[in-house]
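Asker: coordinates only, sequence not included:
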Ligand SMILES: Cc1ncc(C[n+]2csc(CCOP(=O)(O)OP(=O)(O)O)c2C)c(N)n1
Ligand SMILES: Cc1ncc(C[n+]2csc(CCOP(=O)(O)OP(=O)(O)O)c2C)c(N)n1
Ligand SMILES: [Mg+2]
Ligand SMILES: [Mg+2]
């Protein structure tokens, strides 16, 4: 098989879902003949003309429509053009999709694709990470694939799930991340389970989405300095696999949680809180967090590079952690 | 002076703001002659007919309008009928108000009043705590007054601030909480500073909004058992006064963070993360959190009582913490 | 009347007599949707009678709920729809339970009953029985049976428009849309929401058989219509969505049923979304905690302030569609049913937080302690 | 022409020649808004000439930006508005900088220039100069000068409608609304957003002097209008808001300026919100990364596909409002200004994350490490 990219995997998953499951349809702006702003649905409309539908610019109604369709037994995939624009569909996501099963016993199995995260020059409204905001609300499942194989299999799993899923795909990984295969049955894990992507013994770095790769590069760098850093890829932020993290911290005694999101609250604070609660006595040093800065995501690449965690800042944070 | 309630304080603050500052106006559904769903603006329209304005049911546009008016030098106070409905104005709050100063250097001094929190029988859409969701976003200030005097002075301070403020007022406190005075100059603290509302030495309980009162009652109960529990009222969740909390933990060695919000992320996890980071070696036991359950806020009082932290569950959590 | 109506619509109107479903103790039928045939024909007279009976039941039930509220027997708010029964029940009686879709809103007891929601759903919800459709997790008007075509509203106004549109779109994709209609209720206040706009526009783009019934009851809580919109009538919005619009005197059952039937028929026959604006006055406060004293006497005393129940009673008696004796027996029957539904709900257990499950996920494996 | 126009509007139209503000190196004037008088009268001919000059500047600038993009000199997207200059510049030229308000959107270089935004704002934003209006924090079309009447758009479509409404409401409360107008640009796609609906409805309720110019350029990114709305024309939305609506051929400068002037004048004179729908074709891709190959040839070759620059040039020459020589000199001057603005921005420093401040709060005491 040829090389496949992360975005290929997203497209292939949607292709395979449309092919194998008549309940699946795709709804979003420009997802039809145009193939979507990032080409994640390229060619799908010509194969499944009825089930790949261009929506008006109406994020609130797009999610409402998806919930309605799911009540009738469909499995909609809604593409947000950028995660940032889901802010306009926020109410329908958290209050309509998130509460329906609890309130009525009827599930709302929708999948909302959120092209997330920063790329240089994208600025405050085309760069946001929104997993923490949605994870706050009951009833939602939030996944953050960091590999090509996870991009594929977690999208398939998300659609299979009876609950509403926010599928946070990272735009930076779209074409940058490549693999020689689309999925890997041996390595496949269910939603809700984290993966140790690099074994180590001196410290645990927990990351998700694009930050997994920065963390791995930092671990490489630290390896040259003689440190063995364990890297955990969360894969889903809700449910959050506390057990795997705590087990890792049990081995290393040290924790750094890395996220590309804004620093207040969110995934890294949830991780640190859980680990200090469940694994306090395992910790040899205060657990650390590294997030983006507490400003909107800046437009200029110079500022953007300094806004989010990078290989360098992660490496520095690990070195600091090892000294504590 | 007669007894004043928490809602009286909110009304009085708005009255005094309208009286003393021509830049102030109030915008919201039913805030005019009707005086608002909770009577927080009662009588104000007859005094300031031009500056107390009934809005259509358009939360997105209400916030947009307020930001626009603030650009022109006004100081709008927007009343959301319930915090829960701000989900429809979410985008304008986080992306319009939250980013404007950073992007343009022109401040957006709006105050959005969010009638928050649970009361029996209110159900999933009239009970939410939304402070954590807004605190995640850069550029916003989130205050959570727990006393009559704070309800008054923090609203006045919020309007004076050049930044957008989410003023989270707790509906349960509206008529239940009474004081013999509206404000207390001796005790007044600026936004961003927490208050130690009960001194103790065996453990620190950090709470905010209505939970401060539950925590105080729990501390009373524990006092009968011989424990001296320190209670910190956060007052604002962003900025979050880490120093006061860490100083308290330095005295007690133990931390319980209590919030009425959903458990994933949010204020309690931010507190625990900060304290473990800044005060790890001060801790004699793993820091604990107590939140509401991870379901929508239930309608039936039986379920509601078991959904949020209460005197009893806080007391139990403290007892557990003291044993760790 | 009947002939006139048939002339107005472009084909014979057929309805199902689903009176049975109103029966007190019958729980929501869980039959397959397809299994219900809908080609039984019903006369206009029978349709009117059936609609009016639902109005009586709704009014009787809501009066009872209001007094229970005053007696402190209900936790949380009580939101009733006196004055709106004719419009609401007309919607419900044009739809078939478990086949069509009804996005009921705040003042739709009439429509719920006419559509087929058992009145026990209401008493159980308001009185906190664990056997209610939400098991006590949600209350009052937020109840529903999504899988039977009655989605459970969230409070956020306007939000159900797109949900009903989505239910219809799904039917189309499944090849089950033929002859189906989805109705959704909104108020004058809801018309100002972005959700309303997006939902109706999207339905127009997709040409879905969605009937939006906008009941302009002159107030949104305390807010009069001149603070809500500036157009002559909200029916003018239809033009901007490119869909047919109808305006009707909502205090008039005959007119309301005729217009709503017409809109429903048009939608069923492929005419795409329809907007019906019904004008009337809310004859209660916003909720039972509100005395509605802000409503000016002029409006109360105007034609808008007529009580649709009185108008309908007069109309049906005049037309000879019902006799005084029948009416009396209907009212008595409604009172008995309501009495029994209240009694039953009151003797049922409340939810128990220690034994009830709290699951928020349909996939139990996702549950975690946090 | 001039007479015809004056007949159409209900009073003489007065404008300020704010040509000076277009000058290259002049930074945004920070004078008090009130200090600028607006009662200088300007002839229709001069108004047209001034508008057209802004169109030339905009087209020249955007062509340059597009080639810089192709040369890889710009980080992030480039969004230009060829084909829309006549409409956009007509908006800007009817407004006075630092007095009126303009909620510019994605394809409004023409309007920005005509309103008085220095072209350096654009080159600095696109080329990442720290001296740009957002200091590199935000880019491209998201720039603005809120305090001078040019709010800085957020990306979320429709969101600026209510912001401009709020700016106008503030002026009313401050007693400064007299004779003021606020314009806001939206596209066919934006008309589907809840924000658009809420904003325009609210402005209608408040009868604010808001002119909403909806440029229907036939596409929202790749999405054609039949997936966006079902009404005959979006101008029909005006009826549903109870406000005047106008429709105009947006490829025609004379017509566009006339209609937009009329709407602006009506709003200035207390006529409340106005909706102008301008029809034309986007003559570029959605952004410079997009070749727009989905646009069918039929549309390209229809009247909608005319280039407003060519139409305007022809119109002005025909009417004798401009000579070939003058035109030539305007074009040269525009090219020089653009060249200089690019050169200047290119030689300016980029933002420096280590020395620039990162403050997100206007109240510095709120900053905290987290
Ligand atoms: C988005 C949103 N904002 C505010 C509310 C609070 N609210 C509940 S009902 C209501 C008035 C509704 O008026 P209308 O739509 O005319 O319906 P009516 O009550 O008159 O039947 C308001 C403001 C809400 N439910 N949703
Ligand atoms: C709420 C929202 N959803 C999606 C987008 C992404 N987006 C940016 S421009 C655009 C198309 C806009 O079309 P239109 O309003 O017709 O303006 P045009 O680009 O044609 O000038 C889209 C979908 C957005 N900016 N905001
Ligand atoms: Mg109403
Ligand atoms: Mg367009």
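Answerer: Yes, it's here. Please read these numbers as outputs of a predicted model, since none were measured by experiment. Ligands and ions are numbered 1, 2, ... in the order given.
Asker: CA atoms for contacts and neighbours, from now on please.
Answerer: Fine.
Asker: residue boundaries of the helices in the stretch 201-350 of chain C?
Answerer: Secondary structure of the stretch 201-350 of chain C by DSSP state H, counting those that start in this stretch: the helices cover C:237-241, C:253-268, C:297-301, C:308-318, C:324-347.
Asker: now do the longest one: distance to the chain's middle.
Answerer: Using Cα atoms, centre = their mean, to the nearest Å, the distance from the centre of helix C:324-347 to the centre of the chain it belongs to is 20 Å.
Asker: that helix - contacts with which helices or strands?
Answerer: In terms of contacts (3 or more Cα pairs under 8 Å, 6 or more residues apart in numbering or on different chains; DSSP states H and E), helix C:324-347 is packed against helix C:44-70, helix C:119-127.
Asker: between it and helix C:308-318, how many degrees?
Answerer: 140 degrees (axes from the mean of the first three to the mean of the last three Cα atoms, to 10 degrees).
Asker: give me the mean pLDDT for helix C:324-347.
Answerer: Mean per-residue pLDDT for helix C:324-347: 98.
Asker: what do you get for stretch A:111-131?
Answerer: Averaging pLDDT along stretch A:111-131 yields 97.
Asker: if we can go back for a sec, any idea which of the helices and strands packed on helix C:324-347 is most buried?
Answerer: Most buried of the helices and strands packed on helix C:324-347, by mean neighbour count (mean count of other Cα atoms under 10 Å in any protein chain shown): helix C:119-127, with a mean of 28.
Asker: right, is it up against chain A?
Answerer: No: using Cα under 8 Å from any Cα of the partner chain, we find that helix C:119-127 stays clear of chain A, coming within 11.7 Å at best.
Asker: hang on, the earlier thing: format the helices of the stretch 201-350 of chain C as a markdown table; extra columns: mean neighbour count.
Answerer: Formatted as a markdown table, the helices of the stretch 201-350 of chain C follow (neighbours: other Cα atoms under 10 Å in any protein chain shown):
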| stretch | mean neighbour count |
| --- | --- |
| helix C:237-241 | 24 |
| helix C:253-268 | 25 |
| helix C:297-301 | 12 |
| helix C:308-318 | 17 |
| helix C:324-347 | 16 |
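Asker: so for ligand 3, which of the helices and strands packed on helix C:324-347 sits nearest?
Answerer: helix C:44-70 (17.9 Å; Cα to the ion).
Asker: could you give the average pLDDT over the closest one?
Answerer: 98.
Asker: that helix packs against which elements?
Answerer: Where contact means 3+ Cα pairs under 8 Å, 6+ apart, helix C:44-70 is packed against helix C:85-93, helix C:109-115, helix C:119-127, helix C:308-318, helix C:324-347.
Asker: any residues touching the second one, and which ones?
Answerer: I take that to be helix C:109-115. Under the criterion Cα atoms under 8 Å, 6 or more residues apart in numbering or on different chains, residues C:18-19, C:22, C:50-51, C:54-55, C:57-59, C:62, C:80-81, C:84-97, C:102, C:104, C:119 lie in contact with helix C:109-115.
Asker: go ahead and confirm residue C:277 touches residue C:216.
Answerer: Yes: with contact defined as Cα atoms under 8 Å, residue C:277 counts as touching residue C:216 (6.7 Å).
Asker: looking at these two, which is more packed in?
Answerer: Taking other Cα atoms under 10 Å in any protein chain shown, residue C:277 and residue C:216 do not tie; residue C:277 has more neighbours (30 against 24).
Asker: contacting residues for that one?
Answerer: Residue C:277 is in contact with C:213, C:214, C:215, C:216, C:234, C:235, C:245, C:246, C:247, C:248, counting by Cα under 8 Å, 6+ apart.
Asker: quick one on the thing from earlier: next, format the helices of the stretch 201-350 of chain C as CSV and append distance to residue A:67.
Answerer: Putting the helices of the stretch 201-350 of chain C into CSV (distance: least, Cα to Cα, whole Å) gives the following:
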stretch, distance to residue A:67
helix C:237-241, 23
helix C:253-268, 22
helix C:297-301, 39
helix C:308-318, 35
helix C:324-347, 31
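Asker: which among the ones you listed is found nearest to ligand 1?
Answerer: Closest to ligand 1 of the helices of the stretch 201-350 of chain C, according to Cα to the nearest ligand atom: helix C:297-301, at 14.5 Å.
Asker: how far out from the middle of the chain is that closest one?
Answerer: How far helix C:297-301 lies from its chain's middle: 26 Å, per Cα atoms, centre = their mean.
Asker: what's it in contact with?
Answerer: Outside helix C:297-301, the residues within contact range by Cα under 8 Å, 6+ apart are C:281, C:305, C:306.
Asker: neighbours around the closest residue to the last one other than its chain neighbours, how many?
Answerer: Excluding the flanking residues, the one nearest residue C:306 by Cα to Cα, 6 or more residues apart in numbering or on different chains is residue C:251, at 6.1 Å. Counted with other Cα under 10 Å, residues neighbouring residue C:251 total 27.
Asker: what sits against residue C:251?
Answerer: Counting by Cα under 8 Å, 6+ apart, residue C:251 makes contact with C:83, C:84, C:86, C:87, C:279, C:280, C:304, C:305, C:306, C:307, C:308, C:311.
Asker: could you flag which of those residues are buried?
Answerer: Neighbour counting with 16 or more other Cα atoms under 10 Å in any protein chain shown marks C:83, C:84, C:86, C:87, C:279, C:280, C:304, C:305, C:306, C:307, C:308 as buried within those.
Asker: pretty sure the fifth one sits against residue C:249.
Answerer: If I follow you right, that is residue C:279. Yes: using Cα under 8 Å, residue C:279 is in contact with residue C:249, at 5.2 Å.
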